[in-house]
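>>> sequence unknown, structure follows:
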Ligand code: AMP
Ligand code: ZN
C-alpha cells in the first residue's frame, strides 16, 4: 500500500514501524457546533484510510481527539451562558451519531482535551526545562520557534529565523504570521469560569499542545501516521511536530497525510464563511448517510471537491444500480457460502480494485472497478457457477467502500409478525383511525421496517435500505 507523505512530498510504501500495527492519529472535531460535511470529508477520508490499512491485513490503532477546550468552545459556552462541558456534550453526542450515519468505523480511542490537562501541563513543563519555551509578561507560555531548527519542515516554509520573536496568541493564523505560538494561555476575564491551575498560574492549554500530548500518550513518542484536512497542515501540524520533537528528541511521525477541501462554489466550506451544510441539513432534505458517504469518498482525497446536490442525486442512481445487481447475486447464491473461486472477470475486477486503493487511495479508480464488476455481473450472472464466490468479491470491495447494501434478498421476506402489524395498520386506516395507524407505523419501524403509504396501499422496505 502506497500513500503520499506530505512531509517528504513523495508517494511511499506504508508499513508498520512496529508490531504489524499502524498507529494513526487523526485530528478530531472542535466540538463547538455541529460538524459540517467539509469536516466529514476529512473523517470519511480517514475512514477509508483505516479500512484500506485493514484490507491489506495490517492492524490499526486510531486515536481521534475531541477538542473540547479552545478559543471557539470557550466563546460559544460563555455566549450561551452554560458550563463548557455541558456546551460541548451536545456536539460530542451529535458527532458520534453522525459518524454512525456515515458508516464511519469508530476509532479505538477518543480522548477529550479536558481529560488530559495534566499531560499537557507536563509537556509544557518539559519544553520549559529544555529552554524552548518561555513565559511572557502577560503570563502565557510560548514556544520559542527559533530554538527549534526543524521548524517549517512540514509546511516547507522558507522563513527567516532572524525576523521572528513576534508572538501569536490565537490558535489559528497563517504563514505570514509565523511567530512564537501559545502553549499555555493565561486566564483572561473573557474565559469566564474556564481555567486550570498550572505552574504558570491559572489558564488553559493552547490548541496545538492538546494534540501533541494526547497523541504521544496513546501512540508513543514516535508513531506511523498522522492526518487531517489540508488546513491543519499549518500551523497546527507544524506546531505539533515542534512541540513533540523538542520535548522528546525523537522523530514524531513518519507519514503525514492531508485531504483537500470540500468546497462550495470554489471556496472552502467553513463555519466562518457561512457556506456550509451540516449532515443533518442534508438528511432533513431526504438524502441518506450512504448517499452522502458515496459523494464524499468518490473523489480523490487530494483533489478539491465541489459540493453539489446533483452529485447526491447521481449517487442515489449509482447506488440503486449496485443494490439491484447485488440483490440478484444474493438471490442466485441463496445464502450458500462460497465453495470455490470467483469467476475470472470478478477476480480481475478485484485485482484492479486492490491496485487502485493501494495507489494512494485512488477511490475513483476503485469505484470504476466496482462498476466494471456490476456491468459484467449483469451480463454474465446466468453463466456463473458459484454466485456465492462472486458475492464475496462485492463484500471484499465493500470492506473499503462501506456503501453497498447487502441482505436485500433475505430482507425482502417480511417476517409474519411484521406482516401482522401491517395488516392491522391497513384495517386502522380503513377505519380512519389515524392515531392507531401512526402507532403501528412506529411499531413497524421499531421492528426495522419502513412503511410508506401510496394510492395503492402500503409498501414496506427494510430500514437498512434507507440508511
Ligand atoms: P475543525 O473542527 O475545524 O478542527 O476541523 C476538523 C477537521 O475537518 C480537520 O481535519 C479539518 O482540516 C477538516 N476540515 C475543515 N473544513 C474542511 C473542508 N471544507 N474540507 C475538508 N476538510 C475540512
Ligand atoms: Zn490536532
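Perfect, thanks for sending it. These numbers come from a predicted model, not from an experiment. Ligands and ions are numbered 1, 2, ... in the order given.
>>> In this structure, what residue lies closest to ligand 1?
With C-beta to the nearest ligand atom, the shortest gap between the chain and ligand 1 falls at residue 229, namely 2.1 Å. All C-beta spots, glycine's among them, are computed from the backbone N, C-alpha and C.
>>> Determine the set of other helices and strands touching the longest helix seen in the chain.
With DSSP state H applied, the helix covering the greatest number of residues in the chain is identified as helix 309-333. Helices and strands touching helix 309-333, by 3 or more C-beta pairs under 8 Å, 6 or more residues apart in numbering; DSSP states H and E, are helix 289-297, helix 363-380, helix 387-401, helix 408-411.
>>> Please give the number of neighbouring residues around the residue of the chain closest to ligand 1.
Here the neighbour count serves as a burial measure; for residue 229 (other C-beta atoms under 10 Å) it reads 22.
>>> Low-confidence regions, the stretch 1-150 of the chain specifically.
Nowhere does the stretch 1-150 of the chain drop to pLDDT under 70.
>>> would you list every one of the strands in it?
For the stretch 1-150 of the chain, the strands identified by DSSP state E, counting those that start in this stretch occupy 2-5, 10-13, 21-26, 59-64, 133-135, 141-143, in order along the chain.
>>> These: which one's closest to residue 253?
Taking C-beta to C-beta, strand 21-26 is the member of these nearest to residue 253, at 7.5 Å.
>>> my read: residue 252 touches residue 245, true?
Yes: taking C-beta atoms under 8 Å as the contact criterion, residue 252 and residue 245 are neighbours in contact, 5.2 Å apart.
>>> More neighbours: which of these two?
Neighbours were tallied for residue 252 and for residue 245 using other C-beta under 10 Å; the higher tally belongs to residue 252 (26 against 22).
>>> List the contacts of that one.
Neighbour list for residue 252: 212, 221, 222, 223, 226, 240, 241, 244, 245 [criterion: C-beta atoms under 8 Å, 6 or more residues apart in numbering].
>>> Kindly indicate which of these lies nearest residue 457.
Nearest member of the contacts of residue 252 to residue 457, counting by C-beta to C-beta, is residue 226, at 55.1 Å.
>>> circling back to that earlier point, quick one, which of the strands of the stretch 1-150 of the chain is nearest to residue 339?
Evaluated over these, closeness to residue 339 peaks at strand 59-64, with 29.9 Å, by C-beta to C-beta.
>>> before we move on, back to that, now the angle between helix 363-380 and the longest helix of the chain, please.
Using axes from the mean of the first three to the mean of the last three C-alpha atoms, to 10 degrees, the inter-axis angle of helix 309-333 relative to helix 363-380 is 40 degrees.
>>> re the thing from before, the contacts of residue 252 in strands, which ones?
Using DSSP state E, the subset of the contacts of residue 252 located in strands is 223, 226.
>>> Would you mind checking the contacts of residue 252 for buried ones?
Buried by 16 or more other C-beta atoms under 10 Å: 212, 222, 223, 226, 240, 241, 244, 245, out of those.
>>> pretty sure the last one is touching residue 251, no?
If I follow you right, that is residue 245. Yes: counting by C-beta under 8 Å, residue 245 sits close enough to residue 251 to count as a contact (6.8 Å).
>>> just the residues of the chain that are near ligand 2, which are they?
Selection of the chain residues close to ligand 2 by C-beta under 5 Å from the ion yields 27, 211.
>>> Flag every residue of the chain that's near ligand 1.
For the chain, the residues found near ligand 1 under the criterion C-beta under 6 Å from any ligand atom are 27, 29-30, 38-39, 41-42, 228-229, 231-232, 259, 261-262, 268-270.
>>> residues near residue 296, how many?
27.
>>> contacting residues around the closest residue to it other than its chain neighbours?
Here the nearest residue to residue 296 in space, its sequence neighbours aside, is residue 44; by C-beta to C-beta, 6 or more residues apart in numbering that works out to 4.3 Å. Contacts of residue 44 were listed using C-beta under 8 Å, 6+ apart, and they are 102, 104, 293, 296, 297.
>>> Could you do residue 209 as well?
With contacts defined as C-beta under 8 Å, 6+ apart, the neighbours of residue 209 are 120, 123, 124, 183, 184, 243.
>>> Please apply the same query to residue 322.
With contacts defined as C-beta under 8 Å, 6+ apart, the neighbours of residue 322 are 370, 374, 403, 404, 405.
>>> As JSON lines, the residues you listed with distance to residue 135 would be great.
Compiled in JSON lines, the contacts of residue 322 are given as follows (distance: C-beta to C-beta, whole Å):
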{"residue": "370", "distance to residue 135": "57"}
{"residue": "374", "distance to residue 135": "63"}
{"residue": "403", "distance to residue 135": "52"}
{"residue": "404", "distance to residue 135": "56"}
{"residue": "405", "distance to residue 135": "57"}
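>>> Most neighbours among the residues you listed, which one?
For the contacts of residue 322, neighbours were counted by other C-beta under 10 Å; the highest total belongs to residue 370, with 26 neighbours.
>>> so that one sits right up against residue 397, yeah?
Yes: here residue 370 lies in contact with residue 397, judged by C-beta under 8 Å, at a distance of 5.5 Å.
>>> anything in contact with each of the two?
Both residue 370 and residue 397 are contacted by residue 353, under the criterion C-beta under 8 Å, 6+ apart.
>>> How far does stretch 379-393 sit from its chain's centre?
Centroid separation for stretch 379-393 versus its chain: 33 Å, with C-alpha atoms, centre = their mean, to the nearest Å.
>>> Same question for stretch 240-251.
Here stretch 240-251 is found 26 Å from its chain centre; the criterion is C-alpha atoms, centre = their mean.
>>> Pull the residues that contact it.
For stretch 240-251, the external contacting residues (C-beta under 8 Å, 6+ apart) are 123, 126-127, 130, 132, 143, 145, 147-148, 150-151, 153-154, 183, 208-209, 211-212, 215-216, 221-222, 226, 252-253.
>>> From the residues you listed, which land in helices?
In helices, judged by DSSP H, the following of these are found: 123, 126, 127, 208, 209, 211, 212, 215, 216.
>>> Got the confidence number for the residue lying closest to residue 266 once chain neighbours are set aside?
Counting by C-beta to C-beta, 6+ apart, residue 266 lies nearest to residue 306, which is 6.8 Å off, once chain neighbours are set aside. We note a pLDDT of 96 for residue 306 in this prediction.
>>> And the one 10 residues further on, by the same measure?
Residue 316 carries a pLDDT value of 95.
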